[in-house]
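K.L.:
Generate a structure from the sequence data that follows.
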Amino acid sequence: MTTHWAPMVELVETVSVGKSKACDIIVGETPIMRHVKNHIELIGRSDAPVLVQGETGTGKELVAEALHAVSGRDGQLVAVNCAAIPADLLESELFGHEKGAFTGADSRKIGRFEQAHGGTLFLDEIGDMPAALQVKLLRVLETRKVRRIGSMEEIDVDFRLVTATHRDLISGTEVDFREDLFFRVAVFQLELPALSQRTSDIPLILERMLQDVVKKDPNIAVPHFDPTAVRALAAHPWRGNVRELRNTLIRATVLFPGQMINGEMVKSYLLNAALPDLADGVRVTDATLPEAQGLPDPEDFRKLGEDAADLDVRRYLRDIEIALIEAALDRTSGCVSRAADALRLRRTTLIEKIKKYGLQRD
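P.N.:
Residues are numbered from 1 along each chain as shown. Okay, the predicted model is just below:
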């Protein structure tokens, strides 16, 4: 697949951690994400429970997938969203039931605890689990046995438990979570950063998303992003985190298939609900947008790759890195220390990059 950045780019100095399963699943090369991936590799081989904490949309289920991949367990990863299932049905979902156990139980149901035997059970939004069910979960973790609703038989289960929440389970005033259960599920804790804390990972995340889009539909015309678009994306607060970024990419793919997206297009149409004027079937291009003058000509970028010498990913990545550094320096009035903080880089690393790219300012 050809790269979809124009030009695309090397954002941070990558640190080789080996070809790991966690690195295949989790996208990000900022120091904070390397820290997360290193911890996944470290604790993934243990059977101890893990609690993943982070804002909604930060990718907690991907972390569960990575932990399962690293664990080497032969069973499957079974995911349950405790907030998405009504409280009166969640027990049956987890424990299963026998035929005739209650009205509507027309056949035996194998619960998620049993389905996860030999694998990993991921309980998302565990803070929404009813108090009565928390007691039963605690017993399962203590005895490693489950009993289907309507049955007297206890069944041995062996699964690795991964839980996730966007809430403060202990001191949060809106959460009624048992302290003894907390210490059972949180033997290890992983904190995921908000996307706003790692904006220099945005091009890498989008590139992976674009690859996934092409895998699902090889004939789709994916959009391209120029450096001004990257700067606009990096400046956005991303309150919905990676999920919001994915929705933004979906809008880009639908509104601007195969087109070069610039910063004005990002701000006008991708980061809000506004739709471009498609009256009379006019195709939206840079020239139809306000303040398009002075922006790169899309045709200049579409020509990239026509010659084999243009297929240099490092060159493309370098240009986006330069764009991000310039944006950080602009936003901080040239203060290197604050720009380094914004880019999640060490100050000395940023100074080296500024010298390397000739970005010194008076």
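K.L.:
okay, the residue nearest to Ser196 when sequence neighbours are not counted: pLDDT?
P.N.:
Nearest residue to Ser196, sequence neighbours excluded (C-beta to C-beta, 6 or more residues apart in numbering): Trp238, at 5.1 Å. For the C-beta atoms, the positions are set from N, CA and C on the backbone; glycine is no exception. Trp238 carries a pLDDT value of 95.
K.L.:
got the contact list for Trp238?
P.N.:
Counting by C-beta atoms under 8 Å, 6 or more residues apart in numbering, Trp238 makes contact with 194-196, 199, 244-245.
K.L.:
Then Phe182?
P.N.:
51, 169-170.
K.L.:
Name the member of those with the most neighbours.
P.N.:
The most crowded member of these, judged by other C-beta atoms under 10 Å, is Leu51 (22 neighbours).
K.L.:
list the helices and strands the strand or helix carrying that residue packs on?
P.N.:
For Leu51, the host element (DSSP states H and E) is strand 50-53. Contact here means 3 or more C-beta pairs under 8 Å, 6 or more residues apart in numbering; DSSP states H and E; on that basis strand 50-53 packs against helix 60-71, strand 160-165, strand 188-191.
K.L.:
Between the ones you listed, which one is closest to Phe256.
P.N.:
Counting by C-beta to C-beta, Phe256 lies closest to helix 60-71 out of the helices and strands packed on strand 50-53; the figure is 26.7 Å.
K.L.:
list the helices and strands that closest one packs on?
P.N.:
Partner elements for helix 60-71 (3+ C-beta pairs under 8 Å, 6+ apart): helix 21-25, helix 31-43, strand 50-53, strand 77-81, strand 120-124, strand 160-165.
K.L.:
Could you tell me the angle between that helix and helix 31-43?
P.N.:
When axes from the mean of the first three to the mean of the last three C-alpha atoms, to 10 degrees is applied, the directions of helix 60-71 and helix 31-43 differ by 40 degrees.
K.L.:
Check the gap between Gly96 and Gln360 for me.
P.N.:
Computed as C-beta to C-beta, to the nearest Å, the Gly96 to Gln360 distance reads 66 Å.
K.L.:
pLDDT score for the spatially closest residue to Arg344 that is not a sequence neighbour?
P.N.:
Nearest residue to Arg344, sequence neighbours excluded (C-beta to C-beta, 6+ apart): Thr30, at 4.7 Å. Thr30 is assigned a predicted lDDT (pLDDT) of 94.
K.L.:
Thr30 and Val336, how far apart?
P.N.:
For Thr30 relative to Val336 (C-beta to C-beta), the value is 18 Å.
K.L.:
So for those two, which sits in the more crowded spot?
P.N.:
Taking other C-beta under 10 Å, Thr30 and Val336 do not tie; Thr30 has more neighbours (20 against 17).
K.L.:
how near is the more buried one to Lys216?
P.N.:
From Thr30 over to Lys216 (counting by C-beta to C-beta), the distance is 27 Å.
K.L.:
Would you map the strands across the chain?
P.N.:
Shown for the chain, the strands assigned by DSSP state E span residues 50-53, 77-81, 96-97, 109-110, 120-124, 145-146, 155-156, 160-165, 188-191, 224-225, 260-261.
K.L.:
Does anything pack onto the fifth one? Which helices or strands?
P.N.:
Okay, so that is strand 120-124. So strand 120-124, by 3+ C-beta pairs under 8 Å, 6+ apart, packs with helix 60-71, strand 77-81, strand 160-165.
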